[in-house]
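# Make a model of this:
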Amino acid sequence: GLPLDQLPLGMWDTTISYNRTTALSYSADATDPADCVIAIEGCMDPSAANYDSMATVDSGGWCRPLSQGCMDNQESINFDADHTVDSGCIGKAPGCTNPAAINYNSRATLDDGSCKAALMGCGHPKAVNYDSAVTTHNA
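Residues are numbered from 1 along each chain as shown. Below is the predicted model:
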């Protein structure tokens, strides 16, 4: 058959049916093709993050609630892709993040490669086996 927008205008003596059963107003007894409303599934909740103003049929569970959190995956440590409203990002703080290192920084959130391992040995300057590089004196 002809597409709906190419049907001639006027009156008909016979019933014209619209065979697209996905239309919201589908009826086998339709007489005017302009009465058909195509079903567009989507989220119809205006307060949802994925609200679709063009939707004519509720998608049945596709609506996502607004969720606040960090959406900056480049400059923050608490990024979460599931958030829909950007807020509360915690910036990266470079430093040594290894608690076993002698220069451990508990406030560092991004390991910058500066960690220094402890060097065990004799750190007493008057000892015969003194080593100035020692960071941890063994007893």
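# Quick check: Gly69 touching Ser87?
Yes: Gly69 lies in contact with Ser87 (CB atoms under 8 Å); the separation is 6.7 Å. C-beta coordinates here come from the backbone N, C-alpha and C atoms, glycine included.
# Mind checking which of those two has more residues around it?
When Gly69 and Ser87 are compared for neighbours, Gly69 comes out ahead with 16 against 10, by other CB atoms under 10 Å.
# Phi, psi for that one please.
Note on Gly69: its backbone torsions stand at phi 170, psi -180 [degrees, to the nearest 10].
# do Pro94 as well
Here the main-chain torsion angles of Pro94 (degrees, to the nearest 10) amount to phi -70, psi 150.
# Count the neighbours of it for me.
As a burial measure, Pro94 scores 13 neighbours (other CB under 10 Å).
# From Gly88, how far out is it?
21 Å (CB to CB, to the nearest Å).
# same check, this time on Val57
Distance from Val57 to Gly88, counting by CB to CB: 35 Å.
# Show the contacting residues for the most centrally placed residue in the chain.
For the chain, the residue whose C-alpha lies nearest the mean C-alpha position (CA atoms, centre = their mean) is Ala81; its distance is 2.4 Å. Ala81 sits next to Met71, Asn73 when contact means CB atoms under 8 Å, 6 or more residues apart in numbering.
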